[in-house]
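**Q** I'd like to go over a predicted model; first the sequence, then the structure.
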Amino acid sequence: MGEESKKRVSEFLPLLEQQLQQQRYIAGKKLTVADISAYVLITFCEAQLQLVIIGSYPHISDWYQALQQHDAFL
């Protein structure tokens, strides 16, 4: 299912990992729609494309878990 999608996401994830290594949120110091969109993307990719992201990319994993505790997600 979605081999082209899996390929594209797999190419994108190292870039996201690198970005989150440098800063807390995708677009800087504050939570933005970029973070919310990426959160939804990762959730979808794990569930529907059966990609293992959380646990495979430490900075993405930390960011994802932090968002789950953020007031905007409660």
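**A** Nice, thanks for sending it over.
**Q** Kindly list the longest helix within this structure.
**A** Ranked by residue count and defined by DSSP state H, the top helix of the chain is helix 3-22.
**Q** This protein: helices as residue ranges?
**A** Counting by DSSP H, the helices of the chain are 3-22, 33-48, 58-69.
**Q** Spatially nearest residue to residue 55 (excluding sequence neighbours)?
**A** Leaving out its chain neighbours, the residue that sits closest to residue 55 by C-beta to C-beta, 6 or more residues apart in numbering is residue 61, at 5.9 Å. Heads up, the C-betas are built off the backbone N, CA and C, glycines and all.
**Q** again, but for residue 21
**A** When the adjacent residues along the chain are set aside, residue 21 lies closest to residue 59, with 4.8 Å between them (C-beta to C-beta, 6+ apart).
**Q** shaky segments in the chain?
**A** Applying pLDDT under 70 to the chain picks out residues 1.
**Q** Residue 36: neighbour count?
**A** By other C-beta atoms under 10 Å, the residues close to residue 36 number 15.
**Q** Distance of it relative to residue 9?
**A** Here the distance between residue 36 and residue 9 works out to 17 Å (C-beta to C-beta, to the nearest Å).
**Q** Check residue 24 too.
**A** Applying C-beta to C-beta, the value for residue 24 to residue 9 is 22 Å.
**Q** Contacts only, for the closest residue to residue 2 other than its chain neighbours.
**A** Spatial nearest neighbour of residue 2, chain neighbours left out: residue 49 (5.2 Å); criterion: C-beta to C-beta, 6+ apart. Contacts for residue 49 (C-beta atoms under 8 Å, 6 or more residues apart in numbering) come out as 1, 2, 5, 6, 9.
**Q** burial of the nearest residue to the last one once chain neighbours are set aside, as a residue count?
**A** What sits nearest to residue 9 in space, not counting adjacent residues and going by C-beta to C-beta, 6+ apart, is residue 45, at 5.3 Å. Here the count is done by other C-beta under 10 Å, and residue 45 has 20 residues near it.
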